[in-house]
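In: Compute the structure for the input listed below.
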Amino acid sequence: MVRLYGEPGIASWCLEAQTRHAVDVPSLLFFALADSDGHGADDGEMQRLLERPGEWRSLFVLPLRHLRLTLRQGRRNTAEIEFYEKIKAAELEAERLQVRRLADDFLPLEGPGGLAARYLETISMPEPKAGALIGRLRDATKAVCHGFPHHAH
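Out: Residues are numbered from 1 along each chain as shown. Have a look, this model is predicted:
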């Protein structure tokens, strides 16, 4: 996921989608990688894949992000800057754990593909933005991926 996020333009596209359309970037990247390896999920499985990490995101990632963004605007001294960096690190760790929950539930599943596009539909990201983002992710996964990382349980 880190390599995919590091591809030219992907981070800026994802952050814009996160800011403007409340896209959950770790889940989107996870689904794009699953798509690149030919995995899919039926509608019930897709809903389950979104629920458990979504709960974690709501309880931990989003509050940490809110705190970090608030702190970013008011940093004045070394102690506040250090505190900001700790919150930023905690937010990144919370996202990593969110992805771990998603990977733990993934198995991998079989069913209809297009998981990344289907995810963007669930959050009502409008076209043509959603299609353009999916196209960029598809191109980037081809450039960096050699199959979906298999997770040992």
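In: mind showing which ranges of the chain have poor pLDDT?
Out: 146-153 (pLDDT under 70).
In: let's see 90
Out: 1-8, 36-40, 43-45, 47-54, 72-76, 99-113, 142-153 (pLDDT under 90).
In: give me phi/psi at the residue of it positioned farthest from its centre?
Out: Relative to the centre of the chain, the most outlying C-alpha is that of N77, 32.0 Å out, by C-alpha atoms, centre = their mean. Main-chain torsions, N77, degrees, to the nearest 10: phi -130, psi 180.
In: repeat for I123
Out: Per degrees, to the nearest 10, the backbone of I123 is at phi -100, psi 10.
In: picking up where we left off before, now do the contacts for the residue farthest from the centre of the chain.
Out: Contacts for N77 (C-beta atoms under 8 Å, 6 or more residues apart in numbering) come out as none. For glycine as for every other residue, the C-beta is placed from the backbone atoms N, C-alpha and C.
In: how far away is it from A140?
Out: Remark: distance between N77 and A140 (C-beta to C-beta, to the nearest Å) = 39 Å.
In: again with L120
Out: Taking C-beta to C-beta, one finds L120 at 16 Å from A140.
In: show me what contacts the spatially most central residue of the chain?
Out: Nearest to the mean C-alpha position of the chain, counting by C-alpha atoms, centre = their mean, stands P26 at 1.5 Å. Counting by C-beta under 8 Å, 6+ apart, P26 touches 1, 53, 95-96, 98-99, 102.
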